[in-house]
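sequence plus predicted model, see below.
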There are 2 protein chains.
Amino acid sequence: MNSDGSLGAPNTLYASGLEHKMGIHGNSTCVMVFEGALGELVGEPHQGLRAMFTMMNQARLGVGVQGLGVSEIAYQNALAYAKDRLQSRALSGAKSPEKAADPILVHGDVRRMLLSQKAFNEGARALVGQQALWLDEAERHTDPAKAKVASQLAALFTPIVKGFITNRGFNACVDAQQVFGGHGYIHEWGMEQFVRDCRIALIYEGTNGIQALDLVGRKLLSDRGAAMLQWSALVTEFIQSHSTNAAMQPYVSGLTDCAGDLQKASGYLASQAVTNPDIIGAASMAYLELFGVTALAWMWARSAAVALAALEQGTEETAFYQAKLKTADFYMAYWAVQGRSLRKQIEQSSELLTSLDESIF
Amino acid sequence: MNSDGSLGAPNTLYASGLEHKMGIHGNSTCVMVFEGALGELVGEPHQGLRAMFTMMNQARLGVGVQGLGVSEIAYQNALAYAKDRLQSRALSGAKSPEKAADPILVHGDVRRMLLSQKAFNEGARALVGQQALWLDEAERHTDPAKAKVASQLAALFTPIVKGFITNRGFNACVDAQQVFGGHGYIHEWGMEQFVRDCRIALIYEGTNGIQALDLVGRKLLSDRGAAMLQWSALVTEFIQSHSTNAAMQPYVSGLTDCAGDLQKASGYLASQAVTNPDIIGAASMAYLELFGVTALAWMWARSAAVALAALEQGTEETAFYQAKLKTADFYMAYWAVQGRSLRKQIEQSSELLTSLDESIF
């Protein structure tokens, strides 16, 4: 359009082809050609990257929730299949002797895959709720000091919501597909599509490697670790306020172990960053994983506290809260125990990775 | 064909449709219909399962090598891309100032993904070589006692070659795809096909859950653990024979830690199997993973011993052996450290998994 509002010559941009992708086939991404095209400046000169990041931070949270959403629907499908599909007998003897075989939900490894998905999905859903609350507080809290803290925490957790939830959400989709056995590999059952669709979430809006760099380089180490100190204070306060409650011990203990490993790993990175900045990159993914495992341990310990209080006070949702406690037990026994190995990876492999000559690979 | 050799009526079996699969599209698996078809008995009555397992044990080894093969070609592609693709600068400053940006191989997280793949591929390749040697010895060794031991070890390691190598080979393909960023998601780059093709290897010829059950239920616990005792003796002998060599300490130490965790996990399973057989299933996958991580620690410690000896005696392949040592260092620092968490998963989550009511899920 010309400056007087009349119709001008067509702009020369065009789509030269559709991209053939692994998944998200409802999304028709194209190769765009801009040769000789006219562009309009949006906003002020040299402020484009900042404007882009306003959009990008929202998009990263959306991608994290995408990873969680696919993981949840994959779980629901896998659970329904595991209750329906009859194959073999429980190792301890038939559980459904009236049927030709037991439903595969009786098998320990099927239970492991399903409960791992459930523990991840519900923990991650709670974390996304916490993130949404921080975003609201950052924008609307009447106390400016509290709004600022909420803003710092939301920034700290953005790469966790994007990177950790999509890393582990993808793994959960692969496990859900595995529950289906050979059917999981066949298109008409729908599970392989969840895996293909979920895979993009680890890549777009900044690969998860970029999220990990953002977490360590920009969020952990900037502003003298102010955001991390804010979160550590919340975790410490929670641990102290429940330390004398015997029923809370498994959850307090699991959270304390993770938080201790995370604190030591943070200290290691802070001490190395000045002399060998490349270590930040080498350690960043294991650090993001350790941070995420600890964050979900925090959410599960808080969920357990709520469940115990509800059961003590009396509730009509007994089964719901008891399931929360069992799932929290499993999170601590299966997920939280990964923290120590992640810390060892950070401390033992990072310097080596940065020192290698290219010819080693 | 009739019994006199003349042509009879056509048999009524037919393919009712092609299966639309996630990958391996060169493999035209069909839905077969056998309604009213005539079958021929192959071999003796009631010996079919045994005959099938002769084929199946070979097939499982083939599938393990398939997982390794796809992982290796995915690595070679990812490495070439990481050397070629220019993006951003090293955190410590430009490594290729004459270029518009540094090749992404300078970034710590890209190095981590690549070296993790390399450490897995080369360790798994060594293990497959060991397995092939045992199979040859089982068939051809002139000492019947040694042939029997080799046969026991080959049987013990069959679910490791199939289950562990395809589990981790698939993860390696996903990492190789990740090195490509957005290009990894586009079909024409070929990486997403490696992921789709590799995915079947965790499913067919017995899902990896079945491999894990075979490992614990049939291989570990049968014959009073005879095969496991044979392997433990080999590992202990190796550790003792290198315990006074200072240069071997990182490798001996990593292997000792893994082997200790594996031994404790084996003891836990042996003690639980009688009173609560379902625990075998619940613990089996973490046990397979711990076993595999330990097996590759054994191969890497042995590789390091060979490399150190070659470098000491003098060799024209200095770079090759030094790369082996660096990769062995990384294996111990990044892979072997996973052993402790896997043992904790086995000891802490298995009983819980078997005790849960179906309504919890």
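Sure thing, it's come through.

around chain B, which positions in the stretch 251-361 of chain A sit nearby?
A:276-286, A:319, A:322-323, A:326-327, A:329-330, A:332-334, A:337-341, A:344-345, A:348-350, A:352-354, A:356, A:358-361 (Cβ under 8 Å from any Cβ of the partner chain). The way it works is simple: take the backbone N, C-alpha and C, and place the C-beta from them, glycine included.

now with 6 Å, please.
A:277-278, A:280-282, A:284-285, A:323, A:326, A:329-330, A:333-334, A:337-338, A:341, A:344-345, A:348-349, A:352-354, A:360-361 (Cβ under 6 Å from any Cβ of the partner chain).

for the closest residue to chain B within the stretch 51-200 of chain A, grab the count of nearby residues.
The nearest approach of the stretch 51-200 of chain A to chain B comes at residue A:108, 2.9 Å away (Cβ to the nearest Cβ). Neighbourhood size, residue A:108 [other Cβ atoms under 10 Å in any protein chain shown]: 26.

shouldn't residue A:252 be in contact with residue A:240?
No. With contact defined as Cβ atoms under 6 Å, residue A:252 does not reach residue A:240; the gap is 9.3 Å.

more neighbours: which of these two?
residue A:252 (22 against 10).

buried set for stretch A:71-91?
A:71-72, A:74-75, A:77-79, A:81-82, A:85, A:89-91 (16 or more other Cβ atoms under 10 Å in any protein chain shown).

thinking again about what came up before, now, which of the residues of the stretch 251-361 of chain A next to chain B lie within helices?
Counting by DSSP state H, these place A:278, A:280-282, A:284-285, A:323, A:326, A:329-330, A:341, A:344-345, A:348-349, A:352-354 in helices.

check which helices and strands the helix or strand where residue A:238 lies is in contact with.
Following DSSP states H and E, one finds residue A:238 within helix A:226-241. With contacts defined as 3 or more Cβ pairs under 6 Å, 6 or more residues apart in numbering or on different chains; DSSP states H and E, helix A:226-241 has these neighbours: helix A:144-159, helix A:249-273.

could I get the buried residues of stretch A:71-91 as a markdown table with secondary structure?
Converted to a markdown table, the buried residues of stretch A:71-91 look like this (DSSP: H, G, I helix; E, B strand; the rest coil):
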| residue | secondary structure |
| --- | --- |
| A:71 | helix |
| A:72 | helix |
| A:74 | helix |
| A:75 | helix |
| A:77 | helix |
| A:78 | helix |
| A:79 | helix |
| A:81 | helix |
| A:82 | helix |
| A:85 | coil |
| A:89 | coil |
| A:90 | coil |
| A:91 | coil |
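
could you dump those into a markdown table with pLDDT and distance to residue B:268 added?
Below are those laid out as a markdown table (pLDDT from 0 to 100; distance: Cβ to Cβ, whole Å):
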| residue | pLDDT | distance to residue B:268 |
| --- | --- | --- |
| A:71 | 98 | 30 |
| A:72 | 98 | 33 |
| A:74 | 98 | 31 |
| A:75 | 98 | 29 |
| A:77 | 98 | 33 |
| A:78 | 98 | 28 |
| A:79 | 98 | 28 |
| A:81 | 98 | 30 |
| A:82 | 98 | 26 |
| A:85 | 97 | 30 |
| A:89 | 94 | 24 |
| A:90 | 93 | 20 |
| A:91 | 91 | 16 |
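
adding distance to residue B:96, write those residues out as TSV.
Shown next, in TSV, are those (distance: Cβ to Cβ, whole Å):
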residue	distance to residue B:96
A:71	39
A:72	44
A:74	42
A:75	45
A:77	47
A:78	47
A:79	51
A:81	51
A:82	52
A:85	54
A:89	62
A:90	60
A:91	58
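
just checking: which of these also lie near chain B?
Okay, of the buried residues of stretch A:71-91 touching chain B (Cβ under 6 Å from any Cβ), that's A:79, A:91.

list just the nearest of the buried residues of stretch A:71-91 to residue A:160.
residue A:71 (15.3 Å; Cβ to Cβ).

find the nearest non-adjacent residue to that closest one, please.
The shortest distance from residue A:71 to any non-neighbouring residue, by Cβ to Cβ, 6 or more residues apart in numbering or on different chains, is to residue A:169 (3.8 Å).

from what I can see that neighbour touches residue A:65, true?
No. Residue A:169 is beyond contact range of residue A:65, at 9.6 Å (criterion: Cβ under 6 Å).

how about stretch A:9-23, does it reach chain B?
Yes. Contact of stretch A:9-23 with chain B (Cβ under 6 Å from any Cβ) involves A:19-22.

which pair of those spans the longest distance?
A:19 and A:22 (10.3 Å).

coming back round to it: want to try CSV for the helices and strands packed on helix A:226-241, with mean pLDDT as columns?
Formatted as CSV, these follow (pLDDT from 0 to 100):
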stretch, mean pLDDT
helix A:144-159, 97
helix A:249-273, 97
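
relative to residue A:38, which of the ones you listed is closest?
helix A:144-159 (34.5 Å).

could you confirm residue A:26 falls within a strand?
No. Read with three-state DSSP, residue A:26 is coil and lies in no strand.
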